[in-house]
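Enquirer: mind folding the following:
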Amino acid sequence: MRKELLIALFFLLVMIPIRAQDGLSVILPERQRAQIVDEILEDRLDNLLPQLMRREKIQMWVIISREYNEDPVMKTMLPSTWLSARRRTIMVFFDPGGAEPLEKIAIARYDVGRLLQGSWNIDVYPDQWDALTQIIRDRNPVNIAINQSQYFGLADGMVHTEYVSLMEHLPAEYYDRVVSAEKLAIAWLETRTQKELDIYPMICHLSHQILQEGLSEQVIHPGITTTDDVVWWLRQRVTELGLDTWFHPTVDVQRADNEKFDHLRTFSKRPERQVILPGDLLHVDFGITYLRLNSDQQQHFYVLKPGETEVPEALRLAFRNASRLQEILTGQFATGQSGNEILSAALKQAEVEGIHGAIYSHPIGNHGHAAGPAIGMWDNQARVTGTGDYPLHDNTAFSIELNAATEVPEWGKIVRIMLEEDGYYQSGTFTYLDGRQLEILTIPRQANR
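Expert: Residues are numbered from 1 along each chain as shown. Okay, here's the model as predicted:
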């Protein structure tokens, strides 16, 4: 009996990871994920970074962080087996020019992965800063870029203590060569390589699958299930699958009542718990992190009333307005245009077409709200200072996030359709990574009519 129980328990444990993925796209085991992360990182350091340094005219890039207080850029450069910096980690990237390969140096007691070799000989230079200074002297760069930025937090990773120490140890003749690495840091974070674009669609597809499973009759029982129940189901599902969320999901309701559904309610005054009822229009905001890339998606679902088989036409019209706003926005994407210019052009065209919209789209990639041009803010539909002035570059990914407000006479109120889908801009064209929602889905789902 004991032997039979142990055999049964063994098969149960073996089957749990498989069952956790029933109906979903394949989710790789941890070891294989690490291999892919490292392959992508090595490709970026070997092939992408030299191009970006020359584009931004930076000869030496110095990134300095201490353990658990990592520069956001450094975090994206650590190999899969490094979950944080170690002690003080200093990375130096130097472009010798010509056909010479980029030098990738770690002034640390350890090699940083396979590409950054530890170059601190403590017997020769007991002080780590002296080792850095000697590398600078030996290479005599025309400039030394450090991560400081007024408007981009992700490019502002040089903390005050490290900056002061750097400048105290740096020879005086190099002071005026220290420059901001802002544009290079943003370029590194925002640019997606072909290897990344090859895997990104499946990440977004997996995120869509989890989202649509959670917003279905498999999870929601009208009259019993609350919005908070669905939120925590999504969190639990992601955890069970061995994935991460980069923000707490939200689920909210619009219905035929007197409650106003505006920006303030959407972003900061949302009720935490509402019972989901027939006739409700549900909105979900959800994203996952997988293989160091993020998704960010918002979709809509309608809870059918008894006897209904489809979404009311007025709500479908409202959805079409928001869908059209997506098309208007992505139609304005052009290399070199700033986020503010794209926003202004899109809003003007929406006004011409009678669409009452708000746009607050952002780059996505290694971070959910990633580095690159901001295209509006939910509370600022005019000029976004700093981040909105940054230009659009090729091979960059975005979350197309916006809403359109439409009068629904049957409800006697304005309904706000809030959409968000992930895509990438390449060679003058914007493409959704896993398509986009084209109609409001029903709960329960209806067979093809």
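Enquirer: and the next helix or strand past the top helix by length along the chain?
Expert: Counting by DSSP state H, the longest helix found in the chain is helix 194-214. On the C-terminal side of helix 194-214, the closest following helix or strand by DSSP states H and E is helix 227-240.
Enquirer: and the angle for the following helix or strand past that following helix with helix 194-214?
Expert: The helix or strand immediately downstream of helix 227-240 is strand 250-254, counting by DSSP H and E. Here strand 250-254 runs at 50 degrees with respect to helix 194-214, directions being taken by axes from the mean of the first three to the mean of the last three C-alpha atoms, to 10 degrees.
Enquirer: can you name every helix or strand that strand 250-254 contacts?
Expert: Strand 250-254 is packed against helix 227-240, strand 281-286, with contacts defined by 3 or more C-beta pairs under 8 Å, 6 or more residues apart in numbering; DSSP states H and E. For the C-beta atoms, the positions are set from N, CA and C on the backbone; glycine is no exception.
Enquirer: ok, residues contacting the helix or strand following the shortest one?
Expert: Which is strand 281-286. For strand 281-286, the succeeding helix or strand toward the C-terminus, using DSSP H and E, is strand 289-290. Residues external to strand 289-290 that are found in contact with it (C-beta atoms under 8 Å, 6 or more residues apart in numbering): 27, 33, 203, 206, 243, 244, 245, 246, 368.
Enquirer: residue contacts, the fifth one?
Expert: Think residue 243. Counting by C-beta under 8 Å, 6+ apart, residue 243 has contacts 27, 206, 288, 289, 290.
Enquirer: burial count for the nearest residue to residue 363 once chain neighbours are set aside?
Expert: Computed as C-beta to C-beta, 6 or more residues apart in numbering, the closest residue to residue 363 that is not its neighbour in sequence is residue 372, at 3.3 Å. Neighbour count of residue 372, defined by other C-beta atoms under 10 Å: 26.
Enquirer: does residue 372 touch residue 390 like I think?
Expert: Yes: counting by C-beta atoms under 8 Å, residue 372 touches residue 390, with 6.4 Å between them.
Enquirer: what sits in contact with each of these two?
Expert: residue 186.
Enquirer: which SSE is residue 75 in?
Expert: Element membership for residue 75, per DSSP H and E: helix 72-77.
Enquirer: mind giving me the packing neighbours of that helix?
Expert: strand 60-66, strand 88-94, helix 182-190.
Enquirer: low pLDDT regions in the stretch 301-449 of the chain?
Expert: Residues of the stretch 301-449 of the chain meeting the criterion pLDDT under 70: 447-449.
Enquirer: let's see it at 50
Expert: Counting by pLDDT under 50, the ranges of the stretch 301-449 of the chain that qualify are 449.
Enquirer: ditto for the stretch 1-150 of the chain
Expert: 1-20.
Enquirer: which residue ranges of it form helices?
Expert: Taking DSSP state H, counting those that start in this stretch to define them, one finds helices in the stretch 1-150 of the chain at 2-19, 30-43, 49-55, 72-77, 128-139.
Enquirer: pull out the buried positions in the helix or strand hosting residue 323.
Expert: Assigned by DSSP H and E, residue 323 falls within helix 313-330. Buried residues in helix 313-330, counting neighbours by 16 or more other C-beta atoms under 10 Å, are found at 315, 318-326, 328-330.
Enquirer: that one packs against which elements?
Expert: helix 339-352, strand 356-359, strand 396-408, strand 413-426.
Enquirer: could you dump the ones you listed into TSV with mean neighbour count added?
Expert: Conversion of these to TSV gives the following (neighbours: other C-beta atoms under 10 Å):
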stretch	mean neighbour count
helix 339-352	19
strand 356-359	22
strand 396-408	23
strand 413-426	22
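Enquirer: between those, which one is closest to residue 111.
Expert: strand 396-408 (30.6 Å; C-beta to C-beta).
Enquirer: how about that closest one as PDB, C-alpha atoms only?
Expert: C-alpha atoms of strand 396-408 as PDB (Å, rounded to 0.1, in the frame of the first residue of the first chain):
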ATOM      1  CA  THR A 396      11.200  49.700 -30.800                       C
ATOM      2  CA  ALA A 397       8.200  48.300 -29.000                       C
ATOM      3  CA  PHE A 398       5.100  50.100 -27.600                       C
ATOM      4  CA  SER A 399       1.900  49.500 -25.700                       C
ATOM      5  CA  ILE A 400      -0.800  51.300 -27.600                       C
ATOM      6  CA  GLU A 401      -2.800  52.500 -24.700                       C
ATOM      7  CA  LEU A 402      -5.800  54.900 -25.100                       C
ATOM      8  CA  ASN A 403      -9.500  55.300 -24.600                       C
ATOM      9  CA  ALA A 404     -12.500  56.700 -26.500                       C
ATOM     10  CA  ALA A 405     -15.600  58.000 -24.800                       C
ATOM     11  CA  THR A 406     -19.000  57.400 -26.600                       C
ATOM     12  CA  GLU A 407     -22.500  58.300 -25.500                       C
ATOM     13  CA  VAL A 408     -24.600  55.100 -25.000                       C
END
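Enquirer: any idea of the angle it forms with helix 339-352?
Expert: Counting by the same axes, to 10 degrees, strand 396-408 lies at 30 degrees to helix 339-352.
Enquirer: CA atoms only: put stretch 40-53 into CSV for me.
Expert: Taking Å, rounded to 0.1, in the frame of the first residue of the first chain, the C-alpha atoms of stretch 40-53 are listed here in CSV:
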residue,chain,number,x,y,z
ILE,A,40,19.8,37.3,-26.2
LEU,A,41,22.0,39.3,-23.9
GLU,A,42,25.2,38.2,-25.6
ASP,A,43,23.8,39.1,-29.0
ARG,A,44,22.8,42.5,-27.7
LEU,A,45,26.2,43.2,-26.2
ASP,A,46,28.2,41.8,-29.2
ASN,A,47,26.1,43.2,-32.0
LEU,A,48,23.7,45.9,-30.8
LEU,A,49,25.7,47.9,-28.3
PRO,A,50,28.6,48.8,-30.6
GLN,A,51,26.1,50.2,-33.1
LEU,A,52,24.3,52.3,-30.5
MET,A,53,27.6,53.7,-29.0
